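Trainee: Got a predicted model here, sequence first, then my questions.
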Amino acid sequence: MLQRRDTLKNSEQELRIFRMRSLLAVFVVLTLTAILMGRLAYLQVVQHDLYSTRSENNRVRVEPLPPTRGLIYDREGRLLAENRPTYNLTLVRERVDDLDDTLTLLVELLELPDEDVEAFQVRSRQRQRPYQPALLMSDLDEDQIARVAVNRHRLPGVEVEAQLLRFYPHAEIMAHALGYVGRINVDELKTLDSGRYAGTHFIGKTGVERFYEDELHGQAGLRKVETNARGRVLRELGRVDPVPGENLTLTLDLEMQQLAYDLLDGRRGSIVALEPGTGEILAMVSAPGFDSNQFVTGIDIASYRGLQEDLDLPLFNRAIRGHYPPGSTIKPFLALAGLVEGVITPDRAIHDPGYYQLPNDSRRYRNWLRWGHGRVDMERSIAVSNNTYYYSLAHDLGIDRLHKNMSAFGFGQRVAHDVQGESTALMPSREWKRERFNQAWYPGETLSVGIGQGYWQVTPLQLASATATLANRGHWIKPRLAQQVGDEPLPVQLPDALADIELVNEDWWERVYSGMEKVVSGNEGTARRIGTGLQYRMGGKSGTAQVFSLGQDQRYNADELEERLRDHALFMAFAPLDDPQIAVAVIVENAGGGSTHAAHLARAMTDAWLLEPEENDRDVEAILESEE
Amino acid sequence: MSLRSLTLGRRAYPVRPPESGIARRKSLWERIHLDPWLLGMLIVLMVAGLLVLYSASGQRIETVFAQGTRFCVALMGAVILAQFSPSTFQRWAPLAYGLGILMLLAVEVAGDMGMGAKRWLVIPGVIRFQPSELMKLAMPLMVAAYLSRRELPPRMRDLAACAVIIGVPIGLIANQPDLGTALLVGSAAVIVVLLAGLSWRLIAFFVVLAASALPLLWMNLHNYQRQRVLTFLNPDSDPLGAGWNIIQSTTAIGSGGLLGKGWLQGTQSQLEFLPERHTDFIIAVLGEEFGLVGMLVLLLLYLMIVMRGLWLAGCAHDTFGRLFAGSIILTFFIYVFVNVGMVSGILPVVGVPLPLVSYGGTSSVTLMAGFGILMSIHSHRRLLPR
């Protein structure tokens, strides 16, 4: 096949050419090899440090280990806030063969409604790094977990991951007192210690959850892990265990809380009960409540708007932020102020013609009983809630002394130790008015304040706290919600407590108590109806707060308008008289007179706390019916 | 040093046969038509390759066994091929070339898609075959056979014929598309022409022509091919895609330092950060675990193989042998250079394996077949007729 056609071939020349070219090739090969070696030397010697660091960063990842949040118990050890394992659905795109098929299958398995499907698909495409799982859905129910598990083989790259989620078993009645946790938002992220909160998704937003955030949260741990390129952890190189958050034991009593909530029966109002001796808050209810569990994972917009636009303001914590004129409930305090300042004596009486007139003024300030109570001494002034007596007393005291003495009971300031978001409400003074309105104080305004109206506003918690101080014979103790943080009981004496109120004559306490006892037990006491069958001595005082104006909401319909213009009913009480175990403040909005609409709620609370269950009639229905 | 090693063989293999024409007594190696130096170095290379492969495969001994088996097959192939006389290869060259063209055409028509490119010819259940692999040998064989019948240096019409011989299969392979292989196959053939004595004027002319054709080539590149070039120029532009490979391989090599992290201790490779770590990027594993010292030893081994091969080519008695042998050995070097260059980040990523180290059967077999023919050319020189 091959023949030598060219006989003129010059073998010598061909060999010479080849040798020349080969030598050239050797030169090129050496040059190129030198280039490679130079490059390698550059990488491995000159830039060795840079690449070592890179390689180390590749391999070692520090993973935060979030601590478990402390649990919250009531005073009897009943669980109020726990952590429940929930399950999230995640997807790693790199491991999914066909994303659309997988999503279709998941939608089918989980029976997702159409409106969720799109969000579901959007989330599946979100990612920051390769092999990072995208969160498809949180809080799967057992049925959904089971369905995913059964179809596991058809769903490569799809995982169900466990996560602890806060859960409130008594959400509705505890929502305001306890508060709730929610997802950490962008603003919080800026101020948080990122080390402590690494890996934590939730933070206390309100209430106890927020106040004791530091203690409940605990300390994040970390582990150094070696990962492969897919981000899978291969082994642990080092570990610092997280410190779980402290458990919290509250002073709240679940049964008292439940009772208070039931007593309010869906009406707007608040009940606060505390132990005078210790300041421990037994119940702190604001009604209506709401389901705080909704807020943990993030409430949907429609539900949130529903809550926000509800005229009953379920999200509003009335117990600590509701401002109410205290009405006649403050008469015992004023009487004490009169005694302290020497304006009155317990036995001196006035004559009440049914009204009070300032000197040189024709205006009549009326008693609630048009024709007057006749001769009224201090005890009777409390029992029958005589206004004329207190117009006179307030006038004689003057706003400055009145303000000073009422402030000593905590009015106009935050009283509690560990209540998040407490309002100061308002104890008016000459200075306050000048600052607020740039106006002088008028004597007539002192008279309004003297019967707990006018500018004076209190929160239910303040009223309960002042009642406790009264019951304690002036010994001041800060109301508190926590009994124990971890294993440490809260100290008895908390910082920044007010000074005790000391009387020249200790006997005066008894005289005021006597007046208060007559409110419920005397034959002309305003709340004498709740005195029937009382098994212990109780002191109380009713109040009726006038609703001056409608406020900003003018769109009420006529029926509602009428209802919402009615007076607020207030009642404060403590019992037993000789050794007070409980102090209560009750406010029912727009319920009418305090003696008829709030007093028996206070009685039900004291009964529940003081009596054994068998002698204690806790039939809420019956109590509520006895009202009329 | 390398030049010195060239002279090592002088005693045993004088460049010319004795003038007397009387054959001296053949050594054992000559009788079995093998070159002990070349063969020895190749075996050392393969053993080193298996060692690195064990680490690179995530310590899967099965992979090493599979590769070892392929090496044995390839070695046997080389030994067998060495027994044939070079004239046989010269005779069969047009046939192999023609067959290659036919198969490339078959791929066009009925090829199997793999990675978005038609490269494989599949007879179901029997064999998967990549015709371009055959061309790696058939092309230089054909060009060498053609030129060896011409008067050298080649004249213009010879060059024109060569251009056709080279152009047709290159076009077919580039169309698969497999630009990397096309360039490698093409360069194997072009080297033959260069060694045959292409005039410097023409070389200069072609270089200028090629440079001016670059924009045209760029326009005809597939998107992914352009992307590769761009990524090469700036790996950080695509850190999750193609750039990832370069970043991770340079990191592996750089973090190896002077002495390396130790065998099986490379975190980049053991933790799978290194892509294609047991095929095209296997040298990065070596760089990470054995450091600069390991890399230099390997490069020197390759260099010695190349030098020995060139020496053997220079000893060949006829033009065909010289041209083919020279082309085989220089192509071998190009593989090494392109692979190491791409893994260390000075060349764009093209799918070129590291000869006799990367995992994969076809390329080992082809390469060893080339070395087999090379040894045949050398050891049969005294048997050449007239």
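Mentor: Cool, got the structure.

Trainee: drop to CA atoms for contacts and neighbour counts, all remaining ones
Mentor: OK.

Trainee: all strands of the stretch 251-400 of chain A, in order?
Mentor: A:269-274, A:281-287, A:350-352, A:355-357, A:364-366, A:374-376 (DSSP state E, counting those that start in this stretch).

Trainee: Dump those into a markdown table; add distance to chain B, mean neighbour count and mean pLDDT as well.
Mentor: Shown next, in a markdown table, are these (distance: least, Cα to the nearest Cα, whole Å; neighbours: other Cα atoms under 10 Å in any protein chain shown; pLDDT from 0 to 100):
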| stretch | distance to chain B | mean neighbour count | mean pLDDT |
| --- | --- | --- | --- |
| strand A:269-274 | 59 | 30 | 96 |
| strand A:281-287 | 55 | 30 | 95 |
| strand A:350-352 | 90 | 17 | 92 |
| strand A:355-357 | 87 | 19 | 90 |
| strand A:364-366 | 83 | 16 | 87 |
| strand A:374-376 | 90 | 16 | 92 |
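
Trainee: Mind putting the ones you listed into TSV with distance to residue B:328?
Mentor: Converted to TSV, the strands of the stretch 251-400 of chain A look like this (distance: least, Cα to Cα, whole Å):
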stretch	distance to residue B:328
strand A:269-274	96
strand A:281-287	91
strand A:350-352	127
strand A:355-357	124
strand A:364-366	120
strand A:374-376	126
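
Trainee: so who does residue B:376 touch?
Mentor: Contacts for residue B:376 (Cα atoms under 8 Å, 6 or more residues apart in numbering or on different chains) come out as B:33-34, B:81-86.

Trainee: Can you add secondary structure and neighbour count and give those back as JSON lines?
Mentor: Formatted as JSON lines, those follow (DSSP: H, G, I helix; E, B strand; the rest coil; neighbours: other Cα atoms under 10 Å in any protein chain shown):
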{"residue": "B:33", "secondary structure": "coil", "neighbour count": "23"}
{"residue": "B:34", "secondary structure": "coil", "neighbour count": "24"}
{"residue": "B:81", "secondary structure": "helix", "neighbour count": "22"}
{"residue": "B:82", "secondary structure": "helix", "neighbour count": "26"}
{"residue": "B:83", "secondary structure": "helix", "neighbour count": "19"}
{"residue": "B:84", "secondary structure": "coil", "neighbour count": "17"}
{"residue": "B:85", "secondary structure": "coil", "neighbour count": "19"}
{"residue": "B:86", "secondary structure": "helix", "neighbour count": "26"}
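
Trainee: can you count the residues close to the spatially closest residue to residue A:340 that is not a sequence neighbour?
Mentor: Taking Cα to Cα, 6 or more residues apart in numbering or on different chains, and ignoring the residues beside it in sequence, residue A:340 has residue A:503 as its nearest neighbour in space, at 6.4 Å. Counted with other Cα atoms under 10 Å in any protein chain shown, residues neighbouring residue A:503 total 16.

Trainee: and residue A:503, how far is that from residue A:573?
Mentor: Per Cα to Cα, to the nearest Å, residue A:503 is found 21 Å from residue A:573.

Trainee: Repeat that for residue B:373.
Mentor: 112 Å.

Trainee: more crowded one of the two?
Mentor: Remark: of residue B:373 and residue A:573, residue A:573 carries more neighbours, 33 against 27, as counted by other Cα under 10 Å.

Trainee: Would you mind giving the secondary structure of the more buried one?
Mentor: Assigned with DSSP: H, G, I helix; E, B strand; the rest coil, residue A:573 falls in the strand class.

Trainee: Who does it form a beta bridge with?
Mentor: Note on residue A:573: beta-bridge partners residue A:540, residue A:584, judged by DSSP bridges.

Trainee: gap between it and residue A:581?
Mentor: 11 Å.

Trainee: Repeat that for residue B:314.
Mentor: From residue B:314 to residue A:581 the distance is 114 Å (Cα to Cα).

Trainee: the more surrounded of these two?
Mentor: In this view residue B:314 and residue A:581 are compared by other Cα under 10 Å, and residue B:314 has more residues nearby, 24 against 20.

Trainee: Can you report phi and psi for the closest residue to that one other than its chain neighbours?
Mentor: Distances taken as Cα to Cα, 6+ apart place residue B:322 nearest to residue B:314, at 6.2 Å, with adjacent residues excluded. Dihedral pair for residue B:322: phi -60, psi -50, per degrees, to the nearest 10.

Trainee: which residues sit in contact with residue B:322?
Mentor: So residue B:322 contacts A:18, B:313-316 (Cα under 8 Å, 6+ apart).

Trainee: Now do the longest strand seen in chain A: which elements does it pack against?
Mentor: As assigned by DSSP state E, the longest strand anywhere in chain A is strand A:79-91. Counting contacts by 3 or more Cα pairs under 8 Å, 6 or more residues apart in numbering or on different chains; DSSP states H and E, strand A:79-91 packs against strand A:72-73, strand A:134-137, strand A:158-167.

Trainee: Comparing those, which stretch has the densest surroundings?
Mentor: Most buried of the helices and strands packed on strand A:79-91 by mean neighbour count (mean count of other Cα atoms under 10 Å in any protein chain shown) is strand A:72-73; its value is a mean of 24.

Trainee: Can you list the strands that it pairs with?
Mentor: Each strand paired with strand A:72-73, and its direction, by DSSP bridges: strand A:79-91 (antiparallel), strand A:248-250 (parallel).

Trainee: measure stretch A:468-475 end to end?
Mentor: Terminal-residue distance, stretch A:468-475 (Cα to Cα): 9 Å.

Trainee: could I get the strands paired with strand A:72-73 as TSV with mean neighbour count?
Mentor: Converted to TSV, these look like this (neighbours: other Cα atoms under 10 Å in any protein chain shown):
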stretch	mean neighbour count
strand A:79-91	19
strand A:248-250	27
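
Trainee: I'd guessed residue B:191 sits against residue B:329; true?
Mentor: No. The pair residue B:191 and residue B:329 does not pass the contact test of Cα atoms under 8 Å, sitting 10.1 Å apart.

Trainee: before we move on, back to that, from the contacts of residue B:376, pick the one nearest chain A.
Mentor: residue B:86 (12.7 Å; Cα to the nearest Cα).

Trainee: show me what contacts residue A:198?
Mentor: If you count contacts by Cα under 8 Å, 6+ apart, then residue A:198 has A:64-66, A:220 around it.

Trainee: Can you name the residues of the stretch 51-200 of chain B that neighbour chain A?
Mentor: B:91, B:149-153, B:194-197 (Cα under 8 Å from any Cα of the partner chain).

Trainee: From those residues, which shows the smallest pLDDT?
Mentor: In terms of pLDDT, the lowest of these is residue B:152, showing 76.

Trainee: In terms of helix, strand or coil, where does that residue fall?
Mentor: coil.

Trainee: these two touch, right, it and residue B:197?
Mentor: Yes. Counting by Cα under 8 Å, residue B:152 touches residue B:197, with 6.8 Å between them.

Trainee: Mind listing the shared neighbours of those two?
Mentor: residue A:14.

Trainee: Could I get the strands paired with strand A:72-73 in CSV, plus columns for mean pLDDT and distance to residue A:604?
Mentor: Listed next are these as CSV, based on pLDDT from 0 to 100; distance: least, Cα to Cα, whole Å:
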stretch, mean pLDDT, distance to residue A:604
strand A:79-91, 88, 23
strand A:248-250, 95, 22
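
Trainee: Redo the ones you listed as TSV? Include distance to residue B:96.
Mentor: Below are these laid out as TSV (distance: least, Cα to Cα, whole Å):
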stretch	distance to residue B:96
strand A:79-91	52
strand A:248-250	86
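
Trainee: List just the one of those strands that sits closest to residue A:262.
Mentor: With respect to residue A:262, and counting by Cα to Cα, the nearest of the strands paired with strand A:72-73 is strand A:79-91 at 17.6 Å.

Trainee: I am finished for the moment; much appreciated.
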